[in-house]
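S.K.: what's the 3D shape of this:
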Amino acid sequence: MKFATKTIHSGYDSTEHNRAVMPPIYQTSAFAHTTVGEQLPFSYARTGTPTRAALERCLAALENAAHGLAFSSGMAAIDAVLRALLKPGDEVVAQQDIYGGAYRLLTRVMEPAGIKVKFVDLSDSEALKQALHPGVKLVWVETPSNPLLHLVDIGAVARLAHQAGALVAVDNTFATPYLQTPLDQGADIVVHSATKYLAGHSDVLLGIVALNDNELFQAIKFIQSAAGAVPGPQDCFLTLRGIKTLHLRMDRHCDNAERVAHWLSAHPAVERVFYPGLAEHPGHQLASRQMKRFGGMVTIYLRDNSREAAARVAERLQLFTLAESLGGVESLVNHSATMSHGSMPTEQKQRLGVREGQLRLSIGVEDIDDILADLKQALA
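M.R.: Here you go, the predicted model:
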């Protein structure tokens, strides 16, 4: 099946659910046994439900993976991958400009537990080669990255990591499987905050892991069941429903973001626009090759590099909502320094280029004229 057909039909067979066209919400914590010792496909809701299984199969299909696993949040998904693969003394090489929550998990949870973490510019192959050694078990990638939309060559990183005996995990939240499928490019594991584009309507908290290797799948599934950070059936249902329009929404997100990025590039109040679709973006050629389109996220530096300037713009916006998240049908604005990357140390933010006068825009699917008019009045 082609992608659009997969979003609507993958992972669900109505004949197994009383011919219901949409996957039913199995709002139950337990399933009845008829005999002692009976092995059922579903026994207790923490280990699995039919609604969650349908979502997991659907996401696996979209990522061209053999297996999918759903978690209560994107961070729970990341945590499960790290705990399943690493033990004290192991090392992770992580992209230096990653989501603030992932940075916090690595530095304040994993490092105190004995996991070594090294942050590297993964677009620099020489820097990655120097960082790789037998103790490195995992390379953690975001592409495009949050919030400055840096691009990483997934295939190149995978080749170097595999030569050194390390696995590669890619956070595919910004791109979604509609724009890129990292497993097809050599990655071993894909994670998503399905809260964002996959669910798409800012009403769900959910994370996804997709992979091919059966042994890795069993290891992460054990953590899923043992730790129990799993989504409820209502969230699984809403995510499944959102996925059915993923391809339609992503095309509109991309259309609008391309228009916004070009318009902002010419605005006198804007110093710099970060968007892979702009020819001047350093990762433009890689994005053209690695992604189907350039995504719906646009980040800007204001010429006035102050929190006050960023606050004036963010608070004047009327169509854009000032919020922590992204990827919903509505346009959102985020002040990265205090929101998505608020927990990152100031010196680290400065080193990576996360500024006070910076705003991350999640471009929604509203009419483009209304989006541009709102930006125009806020930046005036």
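S.K.: how about the closest residue to D203 other than its chain neighbours, secondary structure?
M.R.: In space, and not counting its chain neighbours, D203 is closest to L238: 6.1 Å by C-beta to C-beta, 6 or more residues apart in numbering. Glycine gets a C-beta too; all of them are placed from N, C-alpha and C. With DSSP: H, G, I helix; E, B strand; the rest coil as the basis, L238 sits in helix.
S.K.: what is the burial count for L238?
M.R.: Other residues lying near L238 total 21 when counted by other C-beta atoms under 10 Å.
S.K.: how about I115?
M.R.: 22.
S.K.: still on that earlier bit, am I right that the residue nearest to D203 is in contact with V204?
M.R.: Yes. Here L238 reaches V204: they are 4.8 Å apart, a contact under C-beta atoms under 8 Å.
S.K.: quick check: pLDDT value at the residue nearest to D203.
M.R.: As predicted, L238 sits at a pLDDT of 98.
S.K.: kindly report the same for S340.
M.R.: We have a pLDDT of 88 for S340.
S.K.: which residues does it contact?
M.R.: Y99, G100, G101, N146, P147, E324, N334, R360 (C-beta atoms under 8 Å, 6 or more residues apart in numbering).
S.K.: so which strand or helix has the closest residue to F222 other than its chain neighbours?
M.R.: Leaving out its chain neighbours, the residue that sits closest to F222 by C-beta to C-beta, 6+ apart is A84, at 7.1 Å. Element membership for A84 (DSSP states H and E) is helix 74-85.
S.K.: need the contact partners of that helix.
M.R.: Counting by C-beta under 8 Å, 6+ apart, 69, 71, 92, 101-102, 105-106, 109-110, 115, 137-138, 167, 169, 171, 173, 189, 191-196, 206-209, 216, 219-220, 222-224, 227, 229 sit against helix 74-85.
S.K.: export the next helix or strand after it as CSV, just CAs?
M.R.: Once helix 74-85 ends, the next helix or strand along the chain (criterion: DSSP H and E) is strand 91-95. Only the C-alpha atoms of strand 91-95 are listed here, as CSV (Å, rounded to 0.1, in the frame of the first residue of the first chain):
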residue,chain,number,x,y,z
GLU,A,91,28.1,5.4,26.6
VAL,A,92,25.6,7.3,24.5
VAL,A,93,26.8,9.7,21.8
ALA,A,94,23.9,12.2,21.4
GLN,A,95,23.4,15.0,19.0
